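Participant: need a structure here:
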Amino acid sequence: QVQLVESGGGLVQAGGSLRLSCAASGRTFSTYTMSWFRQAPGKERTFVATVSGSGDSTYYTDSVKGRFTISRDNAKNTVLLQMNTLKPEDTAGYYCAAGVGSGRFPSQIRFWGQGTQVTVSS
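Facilitator: The predicted structure follows:
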C-alpha cells in the first residue's frame, strides 16, 4: 500500500511559478513509476508528467514541455513538479499518482493522492 499526499498548490499570476510536492509512504516507493495528472472542472483527468522508478527517464505532455520539470528523491520518498511560466489553462486540480509501466494512462495507476488545486490568474 502507498499513500500519497500532495502540497504546494495555490493561486499564482500568469507567468509565475509553483512547485508541487508529493510525499509517499511505504517501502516500495522506488518500484513505482510516479506521475502527475490534472483535472479541470467538468473535464477528464489527464496526464501531465511521469518519472521512472530510478528517476532517469521522464516524459511530459506536449502542452507543458519546456515549462514543467518532474523529479523524484527515492531516499526521501518524494516527487516534485516544478511549474514555470504558468498559464491560465494550467488551472486544475493536480494529482500525484504511483503506477506501473509508462505511468501515462489512468489504467496504469495503482494509487492516487487527494490532489492539490492550482489556479493561474490572467
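
Participant: Report pLDDT for the spatially most central residue of the chain.
Facilitator: In the chain, the residue lying closest to the centroid (Cα atoms, centre = their mean) is Trp36, at 2.3 Å. On pLDDT, Trp36 comes in at 98.

Participant: Name the nearest residue to it, ignoring sequence neighbours.
Facilitator: Val48 (4.4 Å; Cβ to Cβ, 6 or more residues apart in numbering). Where C-beta positions appear, they are placed from N, C-alpha and C, glycine not excepted.

Participant: What residues does that neighbour make contact with?
Facilitator: Shown in contact with Val48 (Cβ atoms under 8 Å, 6 or more residues apart in numbering): 35-38, 60-61, 64, 68, 81, 94.

Participant: where's the residue nearest to the centre of the chain, which helix or strand?
Facilitator: strand 33-39 (DSSP states H and E).

Participant: What residues does the residue nearest to the centre of the chain make contact with?
Facilitator: 20, 22, 48-50, 70, 79, 81, 94-97.

Participant: repeat that with 6 Å
Facilitator: Trp36 is in contact with 48-49, 81, 94, counting by Cβ atoms under 6 Å, 6 or more residues apart in numbering.

Participant: before we move on, the earlier item: may I see the PyMOL selection of the buried members of the contacts of Val48?
Facilitator: Selection of the buried residues among those in PyMOL, burial being defined by 16 or more other Cβ atoms under 10 Å:
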select buried, resi 35+36+37+38+60+61+64+68+81+94
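
Participant: all strands for this structure, in order.
Facilitator: Taking DSSP state E, the strands of the chain run over residues 4-7, 10-13, 18-24, 33-39, 46-51, 58-60, 68-73, 78-83, 92-99, 109-112, 116-121.

Participant: Thr33 and Ser54, how far apart?
Facilitator: Distance of Thr33 to Ser54, computed by Cβ to Cβ, to the nearest Å: 10 Å.

Participant: For these two, indicate the residue with more neighbours.
Facilitator: When neighbours are counted by other Cβ atoms under 10 Å, Thr33 and Ser54 differ, and Thr33 comes out ahead with 22 against 9.
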